[in-house]
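Engineer: Sequence first, predicted coordinates after that:
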Amino acid sequence: MDSTKSSATMTGPVLVGTDGSDHATRAVRWAAGEAAARNRPLRIVYATATTQGGPYLSRQDIQEIDEFAERVLGEAAALAHRIAPAISVTTAACEDETTACLLREAGSDATIVVGSRGRGGFASLLVGSDSLRVAARSHVPVVVVPRGADREPAGVVLAAVRDERDGEALRVAACLAAREGASLRVLSAWAFLENVGSMATMFDGVDRLAADQATATARIVAPVRKEFPDLTVTEHVVRAGSVPEVLIAATADADSIVIGSRRRSHPVGSSLGRVTHTVLHHTHCPVVLVPHS
C-alpha cells in the first residue's frame, strides 16, 4: 500500500522502522533528533511479518515474535526518550512486511526513517532490500541512515540539483540547513559524453553547456536564497565522468544529502534512478529522498 502524495516540506511527524539491529538503532537516534528539531511526535514501528508466515508459524512462534517485537520497541522508545525527552513517542507492532507497514503508518505527511540494513539478507549488501523498497515506493520523504552517520557534525547540508524538478528537494535541504544552523551546499554534477572520457574537451560547445548549466542552477537556487536570506548557500557546478561518484565523494563532508527521488518505469529491477540507487549504496551520510511531484 503506497502513501498518499503530499507536500515534502518535512514538517510532519517522524516515523522510524526498527528491528533491534545496530543499523536500526542508528535510524532511531537520527529520527529522535529530527522529531525534537521539528517539535513533532515520533512513532516507532516493528514489522513482524507474521501474516506472511502465518501457515508456517505456530501460536507459540507468533507469541515469541510478538514478545520480541515489544521488547525491541520498548528499548527503542527508551533510547528516543533519552535523546529527546520532550517529544511524544509511540510504538506499534505491525503484522505485515516492513514496506507495507511503514508506508501505511506514514500516511500523507510523515517522514520515514530507516537504517541502511536490517537483520536479514546478505551482510555484503550495503543497503538492504527493505530500505530500497521503502525508498522506491514511498510518496513521502524517506531518510536512509548509513553506518557512520553518528560522526561529528560537518555543519553542511548537501543538495543534489539537476533541473527544475529538484526545486522542492532543494527547499527541504534549505529547511534542514536553517534548522541545524548549517550551511547549504548545492551541487549540480552533469555528464557530457561521459563514454568518451577526456576526449569530451575536444568538442565545441562544452564551455557553453557548462555556462548554461551554471545559469540553470542559479535560477533554481534563487527562490531559496530569497526565502532564506540568512542561510549561507554555495553553488558548485561540476562536469563529471560519473555523477554518482561526485555526489558520493561530497557526502564525506556533509551531515546529510538531499536528493529529488526520480523513479523509473522499467519493470525490471529497482524503480529508483541509477544515481539515487548508487548514492544509497555508497553514501557517507544520511540520504534524504524527496519524491518528485
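Structural biologist: Here it is on my side, so go on.
Engineer: In this protein, where is pLDDT below threshold?
Structural biologist: By pLDDT under 70, the weakly predicted segments of the chain are 1-9, 53-54, 117-128, 149, 192-206, 263-271, 293.
Engineer: mind listing the strands for it?
Structural biologist: Assigned by DSSP state E, the chain shows strands spanning 14-17, 42-47, 89-94, 111-115, 142-145, 156-160, 183-190, 233-239, 256-261, 287-291.
Engineer: could I get those strands as JSON lines with mean neighbour count and distance to Ala218?
Structural biologist: Any C-beta I mention is one placed from the backbone N, CA and C, and that applies to glycine too. Shown next, in JSON lines, are those (neighbours: other CB atoms under 10 Å; distance: least, CB to CB, whole Å):
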{"stretch": "strand 14-17", "mean neighbour count": "27", "distance to Ala218": "33"}
{"stretch": "strand 42-47", "mean neighbour count": "25", "distance to Ala218": "37"}
{"stretch": "strand 89-94", "mean neighbour count": "17", "distance to Ala218": "42"}
{"stretch": "strand 111-115", "mean neighbour count": "29", "distance to Ala218": "29"}
{"stretch": "strand 142-145", "mean neighbour count": "26", "distance to Ala218": "28"}
{"stretch": "strand 156-160", "mean neighbour count": "27", "distance to Ala218": "14"}
{"stretch": "strand 183-190", "mean neighbour count": "22", "distance to Ala218": "9"}
{"stretch": "strand 233-239", "mean neighbour count": "16", "distance to Ala218": "6"}
{"stretch": "strand 256-261", "mean neighbour count": "26", "distance to Ala218": "18"}
{"stretch": "strand 287-291", "mean neighbour count": "25", "distance to Ala218": "21"}
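Engineer: Please tell me I have it right and Val288 contacts Leu176.
Structural biologist: Yes - the criterion here is CB atoms under 8 Å, and Val288 meets it with Leu176 at 7.2 Å.
Engineer: Any chance you could list residues touching both of the two?
Structural biologist: Counting by CB atoms under 8 Å, 6 or more residues apart in numbering, the residues touching both Val288 and Leu176 are 10, 256, 258.
Engineer: Please produce TSV containing those, extended by distance to Thr18.
Structural biologist: Listed next are the shared contacts of Val288 and Leu176 as TSV, based on distance: CB to CB, whole Å:
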residue	distance to Thr18
Met10	20
Ser256	20
Val258	23
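Engineer: quick check, nearest of those residues to Trp190?
Structural biologist: Of all these, Trp190 sits closest to Val258, with 17.9 Å by CB to CB.
Engineer: and Ala154, how many residues sit next to it?
Structural biologist: Residues lying near Ala154 (other CB atoms under 10 Å) number 18.
Engineer: My guess is it contacts Asp253. True?
Structural biologist: Yes - taking contacts as CB under 8 Å, Ala154 lies within contact range of Asp253: 5.4 Å.
Engineer: which residues sit in contact with the closest residue in space to Trp30 that isn't next to it in sequence?
Structural biologist: Distance criterion CB to CB, 6 or more residues apart in numbering; nearest residue to Trp30, sequence neighbours excluded, is Val145 at 4.8 Å. Val145 makes contact with 23, 26-27, 30, 113-116, 286, according to CB under 8 Å, 6+ apart.
Engineer: Can you tell me which of the residues you listed comes closest to Arg274?
Structural biologist: Ser116 (18.3 Å).
Engineer: Count the neighbours of that closest one for me.
Structural biologist: Ser116 - counted by other CB under 10 Å - has 25 other residues nearby.
Engineer: and the closest residue to it other than its chain neighbours, what are its phi and psi?
Structural biologist: Closest residue to Ser116 apart from its sequence neighbours, by CB to CB, 6+ apart: Pro146 at 4.4 Å. Per-residue torsions, Pro146: phi -90, psi 180 (degrees, to the nearest 10).
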